[in-house]
Structure formats: C-alpha cells, structure tokens
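Engineer: here are the coordinates; sequence isn't available:
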C-alpha cells in the first residue's frame with residue numbers, strides 16, 4: 001500500500017513533528033518507508049491542491065495531510081482553516097482517494113506543540129492511522 005504525506009512547511013517546528021509521528025505510525029502498521037512519498041508545500045492553503053494532484057496519479061491508497069494553523073488577531077486563520085477543510089473534502093470526493101485531516105487549528109504555539117507530541121498523542125500519528133483505516137475501507141469497495 002502506497003501512502004502520500006502532504007506536509008506544510010509553515011510552522012515547520014510543529015509540522016516536522018507531525019510528519020515524524022505520521023511516519024512512525026505508518027512504520028508501526030507495517031508500511032515500508034519505500035511505499036511512502038512525502039510532498040512539502042509552502043503552507044496549509046496549498047495542501048488541498050497537492051493532495052488532489054497526488055491522488056489523481058492513482059499511485060496512492062490514501063493521502064495524509066499535515067499542517068499547522070495558529071490563530072492570530074485577524075480572521076485569516078478562519079478563512080484558511082475553512083478553505084483547507086473544504087478543499088480536502090472536495091478532493092477526496094472527486095478522486096475517491098481517502099485524505100486524512102492532520103491540520104492542527106490551535107489558539108497558541110503551546111497547544112500546537114502539545115498536539116505534536118510523542119506516540120499516539122501526536123496528531124500526525126492519528127491522521128496516518130485514520131488514512132490506513134480509510135484506505136482499507138475504500139479497497140473493500142473497489143471493483
């Protein structure tokens with residue numbers, strides 16, 4: 001089973017930890033490193049585009065999407081969070097490839113770091129686990 005990770009470079013002090021958690025979860029589930037492709041994008045807004053393009057290749061059973069949005073003083077956070085969520089929902093529906101939402105939406109750096117902790121407390125781990133479960137479900141419906 002081939003899996004793609006789409007990882008935002010913005011707030012990389014958090015997203016690097018999410019990526020590590022996702023890779024650890026995939027490894028623990030028996031997915032070989034050679035079966036994982038990591039795609040980096042500038043920020044969370046670019047995640048849906050890259051995820052859709054990866055899905056359209058037909059090479060991946062699922063896409064794990066990882067990013068970090070930290071609320072600021074302007075409504076920018078809300079617009080980006082909504083666009084990413086809707087973009088991934090649309091991309092998954094259009095391509096039939098499961099996309100796991102591992103994009104943190106937090107109020108502070110501290111909250112983000114808590115959610116990018118060790119083991120299963122890491123939201124990257126959670127997203128990768130969800131992606132594998134959904135890939136297995138999707139495979140049951142292939143003809």
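Structural biologist: That came in fine, so what should we check first? Keep in mind the model is a prediction, meaning the values are calculated, not measured.

Engineer: which residues of the protein score low on pLDDT?
Structural biologist: Counting by pLDDT under 70, the low-confidence segments of the chain come to 143.

Engineer: quickly list what the residue nearest the centre of it is bridged to.
Structural biologist: With distances taken as Cα atoms, centre = their mean, residue 65 lies nearest the centre of the chain, 1.5 Å away. On the basis of DSSP bridges, residue 65 is bridged to residue 6, residue 101.

Engineer: correct me if wrong: residue 71 contacts residue 79.
Structural biologist: No. Applying Cβ atoms under 8 Å, one finds residue 71 not in contact with residue 79, separated by 11.8 Å. Where C-beta positions appear, they are placed from N, C-alpha and C, glycine not excepted.

Engineer: which one's more surrounded, the two?
Structural biologist: Between residue 71 and residue 79, counted using other Cβ atoms under 10 Å, residue 71 has the larger neighbour count: 15 against 11.

Engineer: longest helix of the protein?
Structural biologist: helix 76-95 (DSSP state H).

Engineer: and residue 89, what does it touch?
Structural biologist: Applying Cβ atoms under 8 Å, 6 or more residues apart in numbering, we find residue 89 in contact with no residue.

Engineer: now do residue 122
Structural biologist: So residue 122 contacts 17-18, 20-22, 24, 115-116 (Cβ under 8 Å, 6+ apart).

Engineer: go again using 6 Å as the cut-off
Structural biologist: Shown in contact with residue 122 (Cβ atoms under 6 Å, 6 or more residues apart in numbering): 21, 116.

Engineer: show me the beta-bridge partners of it.
Structural biologist: Residues in beta-bridge contact with residue 122 (DSSP bridges): residue 116.
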